[in-house]
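Chemist: Make a model of this:
(2 chains)
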Amino acid sequence: METSQEHAPAANRVSCAGDPALCPLPETPPMALSGLPVNALAHVCETCLDPRDAAMLRAMGMRPCARIRMIRAGEPCIVEVVGVNPATGSCGCRIGLSRDLADRVTVRLSAHPA
Amino acid sequence: MATPIQISTARQGDHPVTRVALVGNPNTGKTTLFNRLCGLRHKTSNFPGTTQEARVGTVARRDADHPRAIELIDLPGIYSLELDMSEAEVCRRVLAGTLAIPGGPVAAPDAVCVVIDASNLPRTLLLVGEALRRRLPTVVALNMMDVARRRGLIIEPLVLEQLLGCRVVPCNARSGEGVESLRVALGSAVVPNHTPPGTQEGLERWADTVCQRLFDRAEPADVRDRLSDRIDRLVTHPVAGLAVFLAVMAVLFFAIFSLAQVPMELLDGLFGGNDAWTAPWQPAWLQAALGEGVIGLARAALPAGLLSDFVCDAVLGGIAATVVFLPQIMLLFFLISLLEDTGYLARAAFVMDRLLRPFGLPGHSFVPLLSCHACALPGIMACRAIPDARERLATILAAPFMTCSARLPVYVLLTSILFPGEPLHAALAFIGCYTLGAGAGVLSAMIARRTILRGARRPMALELPTYKTPSLVNAVTSSLDRARVFLVKAGTNILAICILLWWLSAFPRVDEPAKAAELRAQAAAATDAAEAERLTFEAEAAAQSHAKAHSYIGMAGRAVQPLFEPLGFDWRISVGVMTSFAAREVFVSTLSVMVTGHEDAEDEGVIQQLASARRDDGGPLFPRETAWATLVFFVLAMQCLPTLAVTARETGHAKWALLQFVWMSALAYGAAAITHALLAP
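Modeler: Purely as a prediction, here's the structure:
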């Protein structure tokens, strides 16, 4: 079976700028978004995707440094984009992602599920 | 210093027109706002040279102080102007003035209105920044203020106006709050007094800074929506989600089939008449109008002959064949719009994505493919919701394989011939036809995706909109919009095709056969009125059968008969196949005319007559192997010119319609020939 990677243009890597003032990344180990438990809060630190998918996700609010909350893990995975900074208000938008995409988004856990 | 709006050279009546482009993210209420501002005063067409739809409407003017008419151009919903997508390209080109606005000049719009979701500013401001960089007079419609308030967000429009450097109008498109202020603001938009940074990172920082300054006096409340979390988990669950989806679709299609039945029968009766509507107490003129319909009245009013045949059979028949689809199309789009508005359809796309993905189709394809079981025309039109161009094309190519209602009379005829008095076997054959059609459709899509439409499988990423009560206004507007597009674009093609087929089947004019003349003479001599009527009916039948056999289409049927020999078709079945290019159900009425001389093939007696009809060589017209081959042929063949017309229109190229026709015809021919060869004694 053909996979999305076979014909995908070379993936480009988009990471956080690393400026702690702009992006206070938690000191937890990086992990794939698809491995994040339900209700956990995390920061997006890197996407390694087809440029078109990366640009689309970024425009939808899933950009490096964005805070997200996992609503449903698996296929599809549903995340809520909470925003970049608590002071700037929440996006409150939900994005459904196929596992293919969620596997290639790296996050750092910032709060475990309640 | 802000620059005042430039007046376009375009004019409407005595007043110049201000053209305003409406841009916004999906799910920000842009369409609702457009409907609120323009109502039904809009036209829907495609941007020239693209398959992207544009709605251009006129904003109602309620004051004499602003005599300029405002023309609103609803651009496709996009997340960013810079994305590598056809929707974004259309928006970029319209704002740059390099793509003509439908019905307007190739020039940049006079102003741009960016619709943003007040409850989701950090993201939606990015599009505002991109629009501000175009240096066009700009107004920001701060929509969904009610949702923002519920989330505890306190937004000062004046502060935001200062931060953005352009007019900001808070509004709620659903309730109409603030829409009047927006209308006034659109007529006096100014060029923004500052330009956001050009890079993506710079733009994101700019949007964050704007938000930080805007919200520094308020702490956002905890907005966690646990009910939506639970619903999302349920409706996207592999098993429960599928069950919910099937239940929703069952209700949807039951509603379409059952509710559309009444207006379809009314339309059918309006044109063709309905004896059940007549009653003895009605005056004679009303009985005639109800019993004969528009076509019958026209036939009675016009002198018998060519003009009467042309008006009644070609023009009115063609119009009737077009409008009869309207109830299903309108209902389908009305219900889909309601479903979409609830926020459920985006979740459903993920459920179906699991099943369709192995065939190279996305989850979005399911609703269009299911719609095709009513009629392929609305199904193909519904493919517009599929974002990826290749996946959209593959779905359109697969769509006509689904068993539409027009195939049913053919299935009824052939299964009745194959299984007389065996309803269970006939039902199983019916199910087999549905399965064969759907299987051939998805396999064709898979072949297309691996050959001519080869390309990366786009993994799905969709915004899941907030659950909300659907808007009836949006649903009615969408339904009327689709009906208008169908009547103007597809309807005119269907009518032209009907006229062409009428001409082919009505010419050359031939004299009545001797048998018909003899029957008429017997009818004239008959003393019993009932007997005279029966003989006249038989004379008409003989004349029609003779005329059909000697028409251009009849001659063509005889000429192509050797081509259909491997399928076991005789020349009359070949004529039926040719006439059914207009619409599949025509096969049954044509065959009925050729064999029995009248069209009422629903009549059980007629089916019996067709089943026992003989060929010129004395053999049965439908031996078992020919009946099966014909059934397989009609399951797979593209016997529907209106569908080809809609495919050409929706894909923007006649080549896709041609490919669809060639592929389906070749597949149908090959499969029917194999069936015939396997079953032949």
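Chemist: what about the stretch 151-300 of chain B, any weak spots by pLDDT?
Modeler: Within the stretch 151-300 of chain B, the stretches with pLDDT under 70 are B:216-224, B:257.
Chemist: check which helix or strand covers whichever residue of it sits closest to chain A.
Modeler: In the stretch 151-300 of chain B, the residue that lies nearest chain A is residue B:211 (3.6 Å; CB to the nearest CB). (Each C-beta comes from the backbone N, C-alpha and C, glycine too.) Applying DSSP states H and E as the criterion places residue B:211 in helix B:200-214.
Chemist: Please pull out the lowest mean pLDDT helix or strand from chain B.
Modeler: strand B:11-12 (a mean of 46; mean pLDDT, DSSP states H and E).
Chemist: Tell me which helix or strand comes right after it.
Modeler: As assigned by DSSP H and E, the chain's next helix or strand after strand B:11-12 is strand B:15-24.
Chemist: which other helices and strands contact that next one?
Modeler: Helices and strands touching strand B:15-24, by 3 or more CB pairs under 8 Å, 6 or more residues apart in numbering or on different chains; DSSP states H and E, are helix B:30-38, strand B:69-74, helix B:86-96, strand B:111-117, helix B:121-132.
Chemist: Alpha carbons of it, as CSV, please.
Modeler: What follows is strand B:15-24, C-alpha atoms only, in CSV (Å, rounded to 0.1, in the frame of the first residue of the first chain):
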residue,chain,number,x,y,z
HIS,B,15,-24.4,55.2,-8.7
PRO,B,16,-20.8,54.0,-8.7
VAL,B,17,-20.2,50.7,-7.1
THR,B,18,-17.9,50.0,-4.2
ARG,B,19,-16.6,46.4,-4.6
VAL,B,20,-15.6,44.8,-1.3
ALA,B,21,-13.9,41.5,-1.0
LEU,B,22,-14.9,39.4,2.0
VAL,B,23,-12.1,37.2,3.4
GLY,B,24,-11.9,35.0,6.5
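Chemist: quick one: strands adjacent to that strand?
Modeler: With DSSP bridges as the test, strand B:15-24 is paired with strand B:11-12 (antiparallel), strand B:69-74 (parallel), strand B:111-117 (parallel).
Chemist: just those strands: most buried one?
Modeler: Of all the strands paired with strand B:15-24, strand B:111-117 has the most neighbours on average by mean count of other CB atoms under 10 Å in any protein chain shown, namely a mean of 27.
Chemist: the strands in chain B, which residues?
Modeler: With DSSP state E as the criterion, chain B has strands at B:11-12, B:15-24, B:42-46, B:53-59, B:69-74, B:111-117, B:138-143, B:167-170, B:461-464.
Chemist: go on, chain A?
Modeler: Using DSSP E, the strands found in chain A span residues A:12-15, A:30-32, A:41-49, A:67-72, A:77-83, A:93-97, A:105-111.
Chemist: longest helix of chain A?
Modeler: Counting residues, the longest helix in chain A under DSSP state H turns out to be helix A:51-59.
Chemist: What residues sit buried inside it?
Modeler: Neighbour counts over helix A:51-59 (16 or more other CB atoms under 10 Å in any protein chain shown) mark A:53-59 as buried.
Chemist: of those, closest to residue B:265?
Modeler: Taking CB to CB as the measure, residue B:265 sits nearest to residue A:56 out of these, at 46.5 Å.
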